[in-house]
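Student: I'd like to go over a predicted model; first the sequence, then the structure.
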Amino acid sequence: MNDNEARPVTIITGRVWRRKGGESEGVHVLLIAPDDDTAVRIALESLAKEGYAEAEFDQIGDLDGVPDDEPHLSAYQGALEGEVSVVTFDEPA
């Protein structure tokens with residue numbers, strides 16, 4: 001990839017906790033970063049700023065296309081605009 005090519009939107013999946021030992025939530029973090037290590041670091045920093053005490057990531061990868069549904073569509077657009085977009089959801093029991 002050269003410097004003129006747009007970087008793909010990276011998605012990181014996992015779970016987060018507002019407080020240690022509390023209830024977890026599922027999380028998808030969408031952002032643009034030069035590599036996976038930087039993406040993880042930026043995601044952790046952003047989650048800490050949002051008040052999350054802990055995070056555990058399961059997977060990282062690049063999105064193949066534009067998501068079809070909200071809230072991921074808006075999160076994708078935010079990532080394209082340079083934001084770190086965080087989507088949280090209740091995990092299945």
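Tutor: Perfect, thanks for sending it.
Student: Could you tell me which residues make contact with I12?
Tutor: V27, H28, V29, L31, A39, V40, A43, F57, Q59, I60 (CB atoms under 8 Å, 6 or more residues apart in numbering). For every residue, glycine as well, the C-beta is placed using N, CA and C.
Student: Name the nearest residue to it, sequence neighbours excluded.
Tutor: Nearest residue to I12 in three dimensions, chain neighbours excluded: V29, at 4.4 Å (CB to CB, 6 or more residues apart in numbering).
Student: circling back to that earlier point, looking at the contacts of I12, spot the one nearest Q77.
Tutor: If you rank the contacts of I12 by distance to Q77 using CB to CB, L31 comes first, at 12.3 Å.
Student: Now the residue lying closest to the closest one once chain neighbours are set aside: phi and psi?
Tutor: Of all residues beyond its chain neighbours, the one nearest L31 is V84 (4.6 Å), with distances taken as CB to CB, 6+ apart. Here is the backbone geometry of V84 (degrees, to the nearest 10): phi -100, psi 110.
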